[in-house]
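Peer 1: only geometry, no sequence info:
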Ligand SMILES: Cc1cc2nc3c(=O)[nH]c(=O)nc-3n(C[C@H](O)[C@H](O)[C@H](O)COP(=O)(O)OP(=O)(O)OC[C@H]3O[C@@H](n4cnc5c(N)ncnc54)[C@H](O)[C@@H]3O)c2cc1C
Ligand SMILES: Nc1ncnc2c1ncn2[C@@H]1O[C@H](COP(=O)(O)O)[C@@H](O)[C@H]1O
């Protein structure tokens, strides 16, 4: 009856959001008096896999069939169902992501398992199984009772405060039979920005809007982001105008981020923009208009010209190092 | 080409969210409802594909009678007919089951949805429906072309995109720039009134129950730093907020 966590791989290592899910799962396991098992699909080094123990996994099931390399949703769902059966798990945890959500949905459909997405806290197990989830794009929360024999929780970033230990997980090779019919979807090309920090996973985000006037001015945004080790983001008009790629656009109709620090430069703070960033821990707003609505949602603010303020901030950060 | 578009009836993106009855009910007072923005992209692309390839577009909503205003707007934008399953759409599994029951009978070539609803933001219903029908699902799809029995798509992935090919039937969660949002014209609005809207009763039951709602704690006051001393902000972020 172990708690099972679906952990995703990026560049051969377990993703940060998945490590958080492993820790979350291990905390649920403790509440239930059982252990946590992480299912890792795809190629990763033995050392990286064993390190899942630092985040509370007692065991890692490693499924590394070459056919699983492309993130095929139906095949991943088959593997996850096999792992649930192998571990007789009644709770499955994963970090919200486009792959994870899709896999979890299919598994819910296969097993008639109740599923809740955007879970923001550890569950309440006193009388039933209750979770808190974010709804209305971060504008509210709901307390939801989950029924059924198996429960699937897709957790939001920062759903749990991770504290890393020093245990090692037992790694087992896991090779369930794969079904040819699950490989009908073909990926014919991938276009990925190579070195950039993944926006949904980032702890620090520097974001800019139409106040930057044009794509040629993004140097000052990137300089600040680089100095901080932050990911870059933008408002919707900026990606609509093709100043920045679409996958950088945050908000109601873009990526939802929940970093520790979100710095908004030359963004007015429309409600649809706020919807994507309102789960951030600390929000800084830099805008030349003191009446900009974003200041109402901010923790720190500077009324000023981004072209003067940003280079100053970059310099101050470089001076710290 | 037989296309089903699944749409949500949701509070406008600028709506102020609040609850009544001891935080157990959503407060609909003064809230304008719209078709989910992602569902709107799905509908717009569906209408374009139908105009290009022939066939029909059916819109479907799992929701109570007050959804019908939004359903009529979808008909005015160009859908041919509509189905509403008469119930409160509270649980992803339950919603998916209603859609899957209809889709299993009607055998659509393409089922288009939004990448996520803007009330529950699950990003879950497309995968569930696809599983219930035993066909693939993909999301978020930002480009879709149909070539015979093959769909050629571009999907957004973390930090980039990928090109994908798969055979129909498929379930897709859509997002921009798959199509331009369409606005109904006068003729559309007139004909929408007489297009068929079937109302069905739900089957099965949900696997989750929402007991209570809660609003986030209000933000404290914003601390202002003068632009002339911008470097002070870094000090505050490091030593006061402790985020650096
Ligand atoms: C259905 C729907 C969905 C939407 N979804 C999203 C979404 O997901 N994400 C999103 O971002 N938007 C979204 N929008 C758009 C949103 O309503 C706003 O239009 C958008 O966020 C504004 O972008 P902006 O702040 O960059 O530009 P503007 O509103 O033009 O603001 C620019 C700001 O920069 C400031 N500024 C100008 N020059 C300087 C300078 N030199 N120094 C400092 N400050 C300066 C100005 O004072 C102003 O506040 C959506 C809208 C709709 C209707
Ligand atoms: N009540 C509903 N009726 C019809 N379609 C729905 C409903 N709820 C969700 N959907 C579809 O499923 C997509 C994803 O929803 P969700 O999983 O709630 O984020 C939406 O964009 C819609 O296309």
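Peer 2: That came through, no problem. Keep in mind that this is a model prediction, so the values were computed, not measured. Ligands and ions are numbered 1, 2, ... in the order given.
Peer 1: Show me which residues of chain A are close to ligand 1?
Peer 2: A:209-211, A:235-238, A:249, A:251-254, A:266-268, A:270, A:272-273, A:276, A:287-289, A:292, A:305-307 (Cβ under 6 Å from any ligand atom). The C-beta positions use only the backbone N, C-alpha and C, and glycine is treated the same way.
Peer 1: Recalculate using a threshold of 5 Å.
Peer 2: For chain A, the residues in contact with ligand 1 (Cβ under 5 Å from any ligand atom) are A:209-211, A:235-237, A:251-254, A:266-268, A:270, A:272-273, A:287-289, A:292, A:305-306.
Peer 1: go on, chain B?
Peer 2: B:13, B:37.
Peer 1: hey, which strand is longest across chain B?
Peer 2: strand B:137-147 (DSSP state E).
Peer 1: Can you name every helix or strand that that strand contacts?
Peer 2: helix A:98-111, helix B:37-53, helix B:125-133, strand B:150-157, strand B:160-167, strand B:170-174 (3 or more Cβ pairs under 8 Å, 6 or more residues apart in numbering or on different chains; DSSP states H and E).
Peer 1: I'd like those laid out as a markdown table, including mean neighbour count and mean pLDDT.
Peer 2: What follows is these, written out as a markdown table (neighbours: other Cβ atoms under 10 Å in any protein chain shown; pLDDT from 0 to 100):
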| stretch | mean neighbour count | mean pLDDT |
| --- | --- | --- |
| helix A:98-111 | 25 | 94 |
| helix B:37-53 | 22 | 96 |
| helix B:125-133 | 27 | 97 |
| strand B:150-157 | 20 | 94 |
| strand B:160-167 | 18 | 93 |
| strand B:170-174 | 28 | 97 |
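Peer 1: closest to residue B:96 out of those?
Peer 2: helix B:125-133 (3.5 Å; Cβ to Cβ).
Peer 1: Could you give the separation of that closest one from the chain centroid?
Peer 2: Mean-position distance between helix B:125-133 and its chain equals 14 Å (Cα atoms, centre = their mean, to the nearest Å).
Peer 1: Hey, what's the angle from it to helix B:37-53? Just curious.
Peer 2: 60 degrees (axes from the mean of the first three to the mean of the last three Cα atoms, to 10 degrees).
Peer 1: How about helix B:125-133 and chain A, touching?
Peer 2: Yes - remark: helix B:125-133 sits within contact range of chain A at B:125-132, by Cβ under 8 Å from any Cβ of the partner chain.
Peer 1: Flag every buried residue along the longest helix seen in chain A.
Peer 2: Of all the segments assigned as helix in chain A under DSSP state H, the longest by residue count is helix A:16-32. By neighbour count on 16 or more other Cβ atoms under 10 Å in any protein chain shown, the buried set for helix A:16-32 is A:16-29, A:32.
Peer 1: average pLDDT across it?
Peer 2: Average pLDDT, helix A:16-32: 97.
Peer 1: what helices or strands is that helix leaning on?
Peer 2: By 3+ Cβ pairs under 8 Å, 6+ apart, helix A:16-32 packs against strand A:3-7, strand A:36-41, strand A:91-95, strand A:151-155.
Peer 1: Could you list the residues in contact with the first one?
Peer 2: Residues external to strand A:3-7 that are found in contact with it (Cβ atoms under 8 Å, 6 or more residues apart in numbering or on different chains): A:14-15, A:18-19, A:21-22, A:24-26, A:28-29, A:32, A:34-41, A:52, A:57, A:76, A:80, A:83-84, A:87, A:89, A:91-94, A:100, A:103-104.
Peer 1: Check the last one too.
Peer 2: For strand A:151-155, contacts defined as Cβ under 8 Å, 6+ apart pick out A:20-21, A:24, A:90-96, A:100-101, A:104, A:107-108, A:113-120, A:123, A:129, A:131, B:124.
Peer 1: Sheet-wise, list the partners of the very next helix or strand once past that strand with their directions.
Peer 2: Downstream of strand A:151-155, the next assigned helix or strand under DSSP states H and E is strand A:170-173. Strand A:170-173 pairs in its sheet with strand A:59-63 (parallel), by DSSP bridges.
Peer 1: for chain B, what spans make up the helices?
Peer 2: Remark: helices assigned in chain B by DSSP H are B:37-53, B:68-77, B:92-106, B:125-133, B:186-192, B:231-239.
Peer 1: Any idea which of those gets closest to residue A:141?
Peer 2: helix B:92-106 (16.9 Å).
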